[in-house]
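Visitor: Following is a predicted model, sequence given first.
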Amino acid sequence: MDLTFLKDDTLLAAKNLLGKKITTEIDGKLTSGYITEVEAYLGEQDKAAHAYQLRRTKKNEMMYREYGGVYVYTMHGHHCMNFITRDATMPEGVLIRAIEPEEGIDTMIERRGRAVNLTDGPGKLTQSLGVKRDLHNGTRLNEGPIQLSEGRMPVQIIESKRIGIDNKEEAVEYLYRFTVKGNPYVSKDRVKPEEKNGWKA
DNA sequence: CAGAAGATGGGCT
DNA sequence: GCCCATCTTCTGG
């Protein structure tokens, strides 16, 4: 699909990512799901971003690339996946925090070692999809094992504060987290499922 | 049952 | 030492 929507405003790109389908084909197994929760990280101006004030390290080097790249970092032994937006001078991106499982659920259960909470958190969904930092950091969407395609449309998008950044001063207050209203496959909050899990059609 | 608390953990500076 | 998380256990209603 056309990825140019990742090139411009990162907040808009984040909202447009909701409902898109992520498909991975890793270790010969196909898994997929629809994006239900994302967070935008705005680089230079954003105290919660890895690239705040254009900080550049071996770890976040990937953010200084053209839109469409995949940035994977590790946290407490878990992998977190971001899609890079903008261009090489603007290290911005969108953290994928949760998806609604679609295909390959048996594979997800196998990889996770449990049958519940497969994809309702940034470290969980990467484990279910088989995404690893050493193999997939620096790859590009639709040019490798990680594919992005059209999926579903959220009825309504909820804006909220980002998770896990309580020591980032004013950045804590930014409403840069976006979730599909009525979809239970999200991190932290327990959501009562609405009709069609909050998707149109 | 929900929410809080504690342990765990890897890659970087 | 710092950090965009998860799981298990403990607590209280």
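Guide: Noted; the coordinates are in hand.
Visitor: from here on, contacts and neighbour counts on C-alpha atoms
Guide: Fine.
Visitor: for DNA strand B, what are the nearby residues on chain A?
Guide: A:T57, A:K58, A:K59, A:T74, A:M75, A:H76, A:G77, A:R190 (C-alpha under 7 Å from any atom of the strand).
Visitor: I'd like the average pLDDT over the helix or strand hosting A:T31.
Guide: Using DSSP states H and E, A:T31 sits within strand A:29-41. Per-residue pLDDT over strand A:29-41 has a mean of 96.
Visitor: residue in chain A nearest to DNA strand C?
Guide: Relative to DNA strand C, the nearest point of chain A is A:G123 (3.1 Å; C-alpha to the nearest atom of the strand).
Visitor: mind checking how far that residue is from A:K132?
Guide: Separation of A:G123 from A:K132 (C-alpha to C-alpha, to the nearest Å): 10 Å.
Visitor: Next, name the residue at the spatial heart of chain A.
Guide: By C-alpha atoms, centre = their mean, the mean C-alpha position of chain A lies nearest to A:I96, the distance being 1.0 Å.
Visitor: what's the closest non-adjacent residue to it?
Guide: The shortest distance from A:I96 to any residue other than its chain neighbours is 4.7 Å, reached at A:V38 (C-alpha to C-alpha, 6 or more residues apart in numbering).
Visitor: Which residues does that neighbour form beta bridges with?
Guide: On the basis of DSSP bridges, A:V38 is bridged to A:I96, A:F178.
Visitor: ok, which stretches of chain A are helices?
Guide: Remark: helices assigned in chain A by DSSP state H are A:10-17, A:105-112, A:122-129, A:133-136.
Visitor: List the buried residues for the second one?
Guide: Okay, so that is helix A:105-112. If you call a residue buried by 16 or more other C-alpha atoms under 10 Å, then helix A:105-112 has these buried ones: A:I105, A:T107, A:M108, A:I109, A:R111, A:R112.
Visitor: List the contacts of the first one.
Guide: This points to A:I105. A:T31 (C-alpha atoms under 8 Å, 6 or more residues apart in numbering).
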